[in-house]
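Peer 1: Could you look at this predicted model? Sequence included:
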Amino acid sequence: MPQPSESEWDLDRLDLAGYLRRVGEPTEPGPPTSATLTRLHRAHVSSVVFENLDVVLGRGVDTALEAVQDKLVRRGRGGYCYEHAVLFAAVLERLGFGVERLLARIGHDPVRPRPRSHMALHVIAEDGEWLADVGFGSALVAPMPWRSGPGETPDIEQDGWTYRLAVEPDGTSVLREAGPDGWRDLYSFNHEPQHASDVIMANHFTSTHSASPFVGQVVAFRLDQGSRTRLLGRQLETAYPDRAAETQSLDADGLVAALDEVFTIPLDDDERAHLAGRVPDNA
């Protein structure tokens, strides 16, 4: 099967030096090894938050590399999965990694599958293959060992949370997370590489369809070592691997303050006023 060409992802437009400054990495990150991948993955997750504010602000989301890096790198904003994955994939390919772009379904329901509305990466390093995902929002801070054949990877602990990657008999891969009630399916995917046009179509659904969780409410995630902070509508929650989550309901001013102070998303006064006045009050 032909592989997507480099030209469709506009790799020549990548500002690698600007990206490395954005995530606090040296100008020479090192060879395309698993160690380099892991360090870059953690640096990206800790520096670039997950957020959908352009959808709420009525601007939509452009997944072209130039638009993504203008937003996430030059303007210091965050983004959601497609934006994170498009940017990170371009960085990895420039550094010599092999990358296949994948579209995944949230959860794993073989009877009534959800749409392919998430983007993750299959990364080939010099010393191994990995599932890299800097844009899921509430999960991986580091890459997961890749698995091709049926079975499961060993359990992988990341900052207190535990994951495994399973491959079902039909070839579907499922990323799972351990919780107090057992394992839950985060998302599932097959191994068919996707094109830029596929990402455009998935992004259109995610940014416009009434069934999308990113339409009509603010969504933001921040992953720190040992905690996950989520803003969903006006509900702010910080979860921990070893104790109960802390939750609070925010008023309009509190929501704007959280975007500024907790998620450090740079917004101007008009944007703050729009978000405060237009986001439904579900407190």
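Peer 2: Sure thing, it's come through. Numbers count the residues shown, from 1 in each chain.

Peer 1: For the residue most central in space within the chain, what are phi and psi?
Peer 2: With distances taken as CA atoms, centre = their mean, Gly135 lies nearest the centre of the chain, 0.6 Å away. Backbone torsions of Gly135, given as degrees, to the nearest 10, read phi -130, psi 20.

Peer 1: likewise Leu236?
Peer 2: Torsion angles, degrees, to the nearest 10, at Leu236: phi -100, psi 130.

Peer 1: List the residues that contact it.
Peer 2: Each residue near Leu236 by CB atoms under 8 Å, 6 or more residues apart in numbering is listed here: Thr229, Arg230, Thr247, Gln248, Ser249, Leu250, Gly254, Ala258, Val262. Just so you know, the C-beta spots here come from the backbone N, C-alpha and C atoms, and that holds for glycine as well.

Peer 1: what bits of the stretch 1-150 of the chain have low per-residue confidence?
Peer 2: 1-6 (pLDDT under 70).

Peer 1: how does it look with 90?
Peer 2: In the predicted model of the stretch 1-150 of the chain, residues 1-8, 26-28, 110-111, 113, 137-139, 148-149 satisfy pLDDT under 90.

Peer 1: for it, what spans make up the helices?
Peer 2: 16-22, 34-47, 53-56, 65-69, 81-94 (DSSP state H, counting those that start in this stretch).

Peer 1: Of all the ones you listed, which one comes closest to Glu129?
Peer 2: helix 34-47 (9.2 Å; CB to CB).

Peer 1: Of all the residues in that closest one, which ones are buried?
Peer 2: Ser34, Thr36, Leu37, Thr38, Arg39, Leu40, His41, Arg42, Ala43, His44, Val45, Ser47 (16 or more other CB atoms under 10 Å).

Peer 1: Tell me the spacing between the fifth one and Leu121.
Peer 2: So the one you mean is Arg39. As judged by CB to CB, to the nearest Å, Arg39 and Leu121 stand 16 Å apart.

Peer 1: try Gly135
Peer 2: For Gly135, the distance to Leu121 - CB to CB - is 9 Å.

Peer 1: can you check Val215 too?
Peer 2: Counting by CB to CB - Val215 and Leu121 are separated by 25 Å.

Peer 1: More neighbours: those two, which one.
Peer 2: Leu121 (24 against 16; other CB atoms under 10 Å).

Peer 1: Okay, and the beta partners of that one?
Peer 2: Arg101, Ala132 (DSSP bridges).

Peer 1: Figure out how far the helix or strand containing Val199 is from the centre of its chain.
Peer 2: Using DSSP states H and E, Val199 falls within helix 196-208. Counting by CA atoms, centre = their mean, to the nearest Å, helix 196-208 is centred 15 Å from the centre of its parent chain.
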